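S.K.: A structural model of the following input is requested.
(4 chains)
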There are 4 protein chains.
Amino acid sequence: MAKRYAYLGPEGTFTEAALRALRPDAPEEARVPCEGVAAVFDTVRSGGVDGGVVPLENSVEGSVTATIAQLVNGDPLVITGETSVPVEFALFARPGTTLADVKRVATHPHALAQCRRWLSGHLPDADTHTVSSTAAAARAVAEPGAPYDAAICAVIAGERYGLQALATEIGDRADAATRFIYITRPGELPEPTGSDLTSLVAFIAQDRPGALGDVLDQFTVRGVNLTRLESRPTGDALGDYCFCIDAEGHVSDSRVGEALMGLRRVCRDVRFLGSYPRSARPTELEPRLRPRPTTEADFAEAERWLARLRSGQVD
Amino acid sequence: MAKRYAYLGPEGTFTEAALRALRPDAPEEARVPCEGVAAVFDTVRSGGVDGGVVPLENSVEGSVTATIAQLVNGDPLVITGETSVPVEFALFARPGTTLADVKRVATHPHALAQCRRWLSGHLPDADTHTVSSTAAAARAVAEPGAPYDAAICAVIAGERYGLQALATEIGDRADAATRFIYITRPGELPEPTGSDLTSLVAFIAQDRPGALGDVLDQFTVRGVNLTRLESRPTGDALGDYCFCIDAEGHVSDSRVGEALMGLRRVCRDVRFLGSYPRSARPTELEPRLRPRPTTEADFAEAERWLARLRSGQVD
Amino acid sequence: MAKRYAYLGPEGTFTEAALRALRPDAPEEARVPCEGVAAVFDTVRSGGVDGGVVPLENSVEGSVTATIAQLVNGDPLVITGETSVPVEFALFARPGTTLADVKRVATHPHALAQCRRWLSGHLPDADTHTVSSTAAAARAVAEPGAPYDAAICAVIAGERYGLQALATEIGDRADAATRFIYITRPGELPEPTGSDLTSLVAFIAQDRPGALGDVLDQFTVRGVNLTRLESRPTGDALGDYCFCIDAEGHVSDSRVGEALMGLRRVCRDVRFLGSYPRSARPTELEPRLRPRPTTEADFAEAERWLARLRSGQVD
Amino acid sequence: MAKRYAYLGPEGTFTEAALRALRPDAPEEARVPCEGVAAVFDTVRSGGVDGGVVPLENSVEGSVTATIAQLVNGDPLVITGETSVPVEFALFARPGTTLADVKRVATHPHALAQCRRWLSGHLPDADTHTVSSTAAAARAVAEPGAPYDAAICAVIAGERYGLQALATEIGDRADAATRFIYITRPGELPEPTGSDLTSLVAFIAQDRPGALGDVLDQFTVRGVNLTRLESRPTGDALGDYCFCIDAEGHVSDSRVGEALMGLRRVCRDVRFLGSYPRSARPTELEPRLRPRPTTEADFAEAERWLARLRSGQVD
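M.R.: You can find the predicted model right below:
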């Protein structure tokens, strides 16, 4: 049966753009829009689809909190891929509309905030209206008898709903991007590629000075770099905290495996969220700037040395 | 002139409820709703109001990212208060409507996700529509000729728009809460109360194993506990990260002041976001569970001891 | 061929007492006194004996430095045992001598310092003379025409040279003890006993703040306690330091093995000095006072968990 | 009254050489030899002299342990100076003696160990005898009817006792050195020179993984480098340890003062042993190799910044 994928809808969201980037060969009918992040997770859990895509960081659709809540507290799913999508806003209208015709603009509140400068320069007199997503704004503009003249949305949304671009790249910040993850039911792990990330949640039992430092030391002593760290109260009990962590490397790497075992021993609980290929980023262009004191070869050499010591050989 | 306060609107949001809790004596006309988090910050910066309230953590309105972006990158404002508001959803309709009449429900996507269980049990056949905030849903229901029969929103919103509650406490999770902060232009600091928080952003220059540990050690060695920690790429340069930190204590406390000076020396930059009274929380009921190895008295005693040593006296 | 053992002589030293405790069944002719710590090491290295005993800590014979220099810089030998000997001084004289006859007392300078209070109370008018060891003092007193009337020495020395005790337990400090180690050529390791020590030398390349902390973290994160730590300049190059470390546990223990591999990766060099049964000490009476966060069972459980993760299973 | 200085005797020890280096203008009668390290300390404590010199590290006379015991447990004295003396051994005999005449050689056991190679090459048939110090060996050779033909000792000792050098620089290791300290009763501290050391003893109450790390972090976070570290059981109670530490900098430096206050707060006890000018060492030739992240200027700047924050100013 053909594979199907859930994503945070409606059609035309930046999340759909992320799904296209992650599964470029999937036909349109394989993409299943869901209303809300939780619905994406539930659809994947139920087996209705093979995987799903949700925003994790910096989303203009603001869903980070919902995604993290699902990863931390929901029934376990694992991350097997990620991608980053540039957040490029455009102004779309029905064909035939000119900029001078635009009196009422619809969009999501965050998009509105990020396009304020352009609007004050080009449409200082237009009314603005906020709706639940930039894609919903485009959809509303496309409807017959629409109460709005134009939508601020992604290019994908404008095209999806048959609109025409009046202006592109109208966001105040040129380099904005959102990071999306691909989630599936637990199963075989992606192969290590040499440039991977491992995501996990570490639950600590005591909220005391140094507790987080003890967790981080498990990574530092093995030379594992962290790329994301966020604390969250677990809500389970008095003073309980958890830390959402993205670390460089794959669970099959020695340094990551040993760090995970260390966390397992010192934490109240550890939830493994997956190892997956890292998407291309500017930082990847200069990997040599980072110290890598503990490569796979370093671990293998140390293991051979220990075996010699244990057999009574001394260098 | 009477004081005025901006908040994330429209009228009836949980943020308005937070503002009422923080400024209980302010009359209704002193509360100025703004569209979007950025607008609240800008209104405070411009001097149009005396202060503003925005969500910081776990908001159902999903504005955390926008708030943090303003705190980290925007022109400096300081936090001088905080409060937590329980997130309690209710179903509101125009007077005279019964539950059986409800065919179309409007709300924000996150609220929809959090009330799914109640809806499937009580309104399995109703259509759901998402709008830009729960308060906007209530407002839309209240309008003449409204396309929706009921709104899922805060009690404050239902009352604000003259609606009637058909059901209350319909959220799937009883203990959800959102944390809000009160922001002002820099000026006199709030007095220390004995239970305060200090917020700051630490910028580190190198993304290497141990860099965050070095930052945390500045707190640990002075016995300062952290209550929130979140990493963010700064976007400024290759591999630059910053950490948003909430620490227990007031900048006028010795242990916090010394930790801040330590960060100032070892970080690329430190942005102080304010010291303010901590809002009451369950954890405050058991403060003795937390080790407090370095009280103000401990710091004072150590300082006297050092002065003796420097003058040549040895115990 | 019968086994033979070198020790720091001459006959009658506390070191000989330690050898008797470590090898109680060895006949007198199996014990080979050597002049100086270096001579003991060299005799073991050359194969002239099966093992040797030297003082390591707190010796009244003051040989700690020499022992450590041999362990750090000499051709490799390994420690396979240890024992502690109480330092109990006695006043010995030729048979027939009474306390009133004693005008001239010989001993080692450290022993003299440690018996000063007794001497000023009981022999205020006696001359004191220092020689190279307490055993040498006893031997000198025993010689015909000896220039001394009595020796301050160990009981073993007084008996060895046919002297008679005039007073015992004359040291100012009742609980003084010296720790001795048993050294052999590298070969099979002693079996783990559940109460073992592992000795090693860690060489770090850079003398910078935090360098030693990085070394110690390798033990801390695995829950390995240290019982001795001493820094030494290596003399090899500018700013090079090494650390002589005794850690609880056996090299065959997971937590010790993993810590050693970690050191191997981050240090310029690591010299393994042996794993051996810990001698009984008062602290052993209360082992439950010590946290043992990472037992062998904890390591095994964490390893099984990691294997499950790597095979795609998620708890 | 003219100043007088105690030192570890007898006349002609390396310690006397150190005293001459530290007090070059003191006449011979100002130097008071004492028998044993404890006697030097006691003479200083009693006020019989103005100060004293004892070996601290790597002494061929092996007195390190005794010195440290006095510093840690004895009535408080402070260190106000240090110097290092190269350990250069020579063979001295009575005038008229030739190398061929030497049948019996006296020296201290450690000196014997360090000259073994030379002896086996040049005096393979000579008997060796050990006495309590190299200076005592020289003195014995000089006595009428001496039982020894030559002494291995310092040049200062040979000259002191009217002997003649038969060979110089006969030690196996050319770069051996001993570090000596100058101790006085507590009083005014030496002025900071820009290149100082601070000595102290930190007593920790619990022997657990990480306890020493917590102590070291107090230095690391303030950028204070350590040049010596040694653990010692205190003997006071079960599992109690102390750490003898030499740190770079003067107690009047901000970074050292703040680290000391930190130790005061987290340790069971801290004993300050003094701040004093560092003696010239090869490592001083390349001070720029060491990171100095926290200079006095850095501390001053951070303090001004904190004062601004506390007054309500935000950069």
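S.K.: buried residues, the strand or helix carrying A:T80. List them.
M.R.: A:T80 is part of strand A:78-86, with elements assigned from DSSP states H and E. Under the neighbour-count criterion of 16 or more other CB atoms under 10 Å in any protein chain shown, strand A:78-86 has A:78-85 buried. For the C-beta atoms, the positions are set from N, CA and C on the backbone; glycine is no exception.
S.K.: how about the strands in the stretch 151-300 of chain A?
M.R.: All strands of the stretch 151-300 of chain A, identified by DSSP state E, counting those that start in this stretch, fall at A:164-168, A:177-184, A:196-204, A:226-233, A:241-248, A:269-277.
S.K.: and the stretch 1-150 of chain A, by the same measure?
M.R.: Per DSSP E, counting those that start in this stretch, the stretch 1-150 of chain A carries strands over the ranges A:5-8, A:31-34, A:51-57, A:78-86, A:90-93, A:104-107, A:127-130, A:150-153.
S.K.: wait, does the last one make contact with chain B?
M.R.: No - with CB under 8 Å from any CB of the partner chain as the measure, strand A:150-153 is seen stopping short of chain B, the closest distance being 12.5 Å.
S.K.: which residues does the longest helix seen in chain A contact?
M.R.: Ranked by number of residues, the top helix in chain A under DSSP state H is helix A:296-310. Contacts made with helix A:296-310 from outside it, assessed by CB atoms under 8 Å, 6 or more residues apart in numbering or on different chains, are listed as A:253-255, A:258, A:314-315, C:189, C:251-252, C:257, C:260-262, C:264-265, C:272.
S.K.: report the angle between the axes of it and strand C:196-204?
M.R.: 140 degrees (axes from the mean of the first three to the mean of the last three CA atoms, to 10 degrees).
S.K.: now do the buried residues in helix A:296-310.
M.R.: Burial within helix A:296-310, assessed by neighbour count using 16+ other CB under 10 Å, is assigned to A:298-299, A:302, A:305-306, A:309-310.
S.K.: now for those, which pair is the farthest apart?
M.R.: Farthest apart among those by CB to CB are A:D298 and A:R310. That separation is 18.9 Å.
S.K.: so, low pLDDT: which residues of the stretch 201-315 of chain A?
M.R.: A:205-209, A:233-240, A:280-294, A:314-315 (pLDDT under 70).
S.K.: contact residues of it facing chain C?
M.R.: Near chain C, when you scan the stretch 201-315 of chain A using CB under 8 Å from any CB, you find A:214, A:217-218, A:220-223, A:251-252, A:257-258, A:260-262, A:264-266, A:272, A:293-294, A:298-299, A:301-303, A:305-306, A:309-310, A:312-315.
S.K.: ok, A:F89 - contacts?
M.R.: Counting by CB under 8 Å, 6+ apart, A:F89 makes contact with A:111, A:114-115, A:134, A:152-154, A:169-171.
S.K.: A:E169 versus that one, what's the distance?
M.R.: From A:F89 across to A:E169, the span is 7 Å (CB to CB, to the nearest Å).
S.K.: for A:L8, state which of the buried residues of helix A:296-310 is nearest.
M.R.: A:F299 (39.3 Å).
S.K.: any idea how far that closest one is from chain B?
M.R.: For A:F299, the distance to chain B (CB to the nearest CB, to the nearest Å) stands at 15 Å.
S.K.: please name the nearest non-neighbouring residue to A:H129.
M.R.: Closest residue in space to A:H129, ignoring its immediate chain neighbours: A:A106 at 4.8 Å, by CB to CB, 6 or more residues apart in numbering or on different chains.
S.K.: wait, A:V37 sits on A:L71?
M.R.: No - look at A:V37 against A:L71 with CB atoms under 8 Å: they stay out of range, at 10.2 Å.
S.K.: report whether stretch A:29-42 contacts chain C.
M.R.: No - judged by CB under 8 Å from any CB, stretch A:29-42 stays clear of chain C, getting no closer than 14.6 Å.
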